[in-house]
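**Q** got a predicted model here, sequence first, then my questions.
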Protein chains: 2
Amino acid sequence: MSTISKENYLKAIFLHNRIGENASTSKVANKLSVSNAAISDMAKKLSQEGLISYEKYRGMELTAEGEKIALRVLRRHRLWESFLIKALGMSWNEVHDEAERLEHHSSDSLIDKIDEYLSFPDFDPHGEPIPKKNGTFPKIPKSISLSEVQVGNTYQIIRVNDQNTELMNYLTKNNLLLNSKLEVVDKLSFDNSVVVKVDNKKNSLSEKISKSIFVKILK
Amino acid sequence: MSTISKENYLKAIFLHNRIGENASTSKVANKLSVSNAAISDMAKKLSQEGLISYEKYRGMELTAEGEKIALRVLRRHRLWESFLIKALGMSWNEVHDEAERLEHHSSDSLIDKIDEYLSFPDFDPHGEPIPKKNGTFPKIPKSISLSEVQVGNTYQIIRVNDQNTELMNYLTKNNLLLNSKLEVVDKLSFDNSVVVKVDNKKNSLSEKISKSIFVKILK
DNA sequence: GTAAAAAGTTAAGCATACTTAACTTAATAA
DNA sequence: TTATTAAGTTAAGTATGCTTAACTTTTTAC
């Protein structure tokens, strides 16, 4: 049976797999804020249920069945976020934690009504694709992360990784919003930080932050 | 600490206390669909935490602290129900089960936003009072239950006990909605059922159903 | 190629919230 | 008033999802 915990494990594994990373024990443990031991435990259960393929010491990967559940949770999460912003005027940085809980406690029928209310959007307010009811995934527009940009060019933010409320707060405060335009002023190979100019204000972004921001180049 | 289970226990006790009934072990067990043993167990814990007063074999009553939590849960439930109906066009009979889960998984800030969206309503779509943020409870209009009416009179429904989805479905199907007008055609003392006429259609209602419907007399 | 460090696993234990079975207390009916 | 029934409680046991501590495997650095 698929419990709340299991849904969260599957979602975490999915998000790792999606960026091409192997979902290792400690990465998943870190994302879920539990011990490595808890991951090993759960990996066995999920594997037995046919939701992941798991070889000891070698990380985890979703099966088709596991991916189906993960996509369903992700769909709920992103629709809730979109809805809370659109219907209740909540802000970018408030909705993540809220959706993190609501995603486990809404019926299919409610989620479909939200989808309809929003006119079946392809992307959420962070630019992330919203899985469709039929399990398909809207194609993500070609983008590069801010950690890969070139000094001198101008870019537009088209997607932000919304995994962390603190990051969202920071970006909001610094006007690094969806569709914001920025000029890359400098890159420091010392710490892989990037200096950008937004609204004529300079801002230095750490490697970790820049890796969470996805942009496209403006001609 | 107040977990989801504890919130549900407190809510159940509150709803029993409110109608003047003593919250006995088996009544609460029945409402929560758990064994009597589970109630005895939990009663001890809630009592230790100062949320209920409990004397073995003598039922349970909320303390001021327990009532505060119960009212907070009830507020969430009724605001969620109202919101799902207003914002998403869900129906009377769909929202109870949904709200039953959502009430445990929304922040104060979200609930307040919903309250604001709805312009701080005093009553939910079942006519039930919505506890206010400050813990007060809107006054319920004087009403009698359908089990107490007099044959020959005409009444209007002003409140319905929304504890059960099946009941809601039945009422919806038979046009027994909030504000519906009905004429009392007959009362059978044999089984305490009531025969009413709604939209010129006669309908016999069991004692249990009639006790869940509250009306006011129309001159 | 091996030693040290990092990552992962296993085992034992815990809290929560239940269950069933056995028992006790209270209510009721003759 | 007492025997029977109903209601309530206790005790023992279970599943879930964690923890810490001890141990094993893999990776890395020399």
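**A** Right, received. Where do you want to start? Not measured: the values here are computed from a predicted model.
**Q** now do the longest helix belonging to chain A, average pLDDT.
**A** Looking across chain A with DSSP state H, the single longest helix is helix A:64-88. What helix A:64-88 shows for mean pLDDT is 97.
**Q** does DNA strand D sit close to that helix?
**A** No. Judged by Cβ under 7 Å from any atom of the strand, helix A:64-88 stays clear of DNA strand D, getting no closer than 13.0 Å. Every C-beta, even on glycine, is put in place using the N, C-alpha and C of the backbone.
**Q** which strands and helices sit next to that helix?
**A** In terms of contacts (3 or more Cβ pairs under 8 Å, 6 or more residues apart in numbering or on different chains; DSSP states H and E), helix A:64-88 is packed against helix A:4-18, helix A:95-102, helix A:108-117, helix B:108-117.
**Q** quick one: stretch A:50-59 near DNA strand C?
**A** Yes. Shown here: stretch A:50-59 in contact with DNA strand C (Cβ under 7 Å from any atom of the strand) through A:56-57, A:59.
**Q** of these, buried ones?
**A** Among those, those scoring as buried are A:G59 (criterion: 16 or more other Cβ atoms under 10 Å in any protein chain shown).
**Q** any idea how far the nearest residue to A:K68 once chain neighbours are set aside is from DNA strand D?
**A** Computed as Cβ to Cβ, 6 or more residues apart in numbering or on different chains, the closest residue to A:K68 that is not its neighbour in sequence is A:G135, at 6.0 Å. For A:G135, the distance to DNA strand D equals 23 Å [Cβ to the nearest atom of the strand, to the nearest Å].
**Q** what's around A:G135, how many residues?
**A** 12 (other Cβ atoms under 10 Å in any protein chain shown).
**Q** likewise for the one 10 residues further on?
**A** Per other Cβ under 10 Å, the neighbour tally for A:S145 reads 17.
**Q** residues from chain A in reach of DNA strand C?
**A** By Cβ under 7 Å from any atom of the strand, the residues of chain A that approach DNA strand C are A:24-27, A:29, A:36-37, A:39-41, A:43-44, A:56-57, A:59.
**Q** sort out for me which of the residues you listed are in helices.
**A** Taking DSSP H as the definition of helices, these contribute A:25-27, A:29, A:36-37, A:39-41, A:43-44.
**Q** a helix runs through A:Q156, doesn't it?
**A** No. Counting by DSSP: H, G, I helix; E, B strand; the rest coil, A:Q156 is not part of a helix but strand.
**Q** which residues does it contact?
**A** A:179-182, A:215-216, A:218 (Cβ atoms under 8 Å, 6 or more residues apart in numbering or on different chains).
**Q** picking that back up, buried ones in the longest helix of chain A?
**A** By 16+ other Cβ under 10 Å, the buried positions in helix A:64-88 come out as A:66-67, A:69-85, A:87-88.
**Q** what inclination does it have with respect to helix A:95-102?
**A** Relative orientation of helix A:64-88 versus helix A:95-102 (axes from the mean of the first three to the mean of the last three Cα atoms, to 10 degrees): 130 degrees.
**Q** outside of stretch A:61-72, which residues touch it?
**A** Applying Cβ under 8 Å, 6+ apart, the set of residues contacting stretch A:61-72 is A:2, A:6-7, A:10-11, A:13-14, A:17, A:22-23, A:46, A:50-54, A:131, A:135, A:137.
**Q** so what's A:S91 scoring on pLDDT?
**A** Reported pLDDT for A:S91: 90.
**Q** isn't it right up against A:I85?
**A** Yes. A:S91 is within contact range of A:I85, at 7.2 Å (criterion: Cβ atoms under 8 Å).
**Q** could you give the angle of the longest helix of chain A to helix A:4-18?
**A** Using the same axes, to 10 degrees, helix A:64-88 lies at 100 degrees relative to helix A:4-18.
**Q** and the gap between A:R78 and DNA strand C?
**A** 28 Å.
**Q** apologies, that question was intended for A:V34.
**A** 11 Å.
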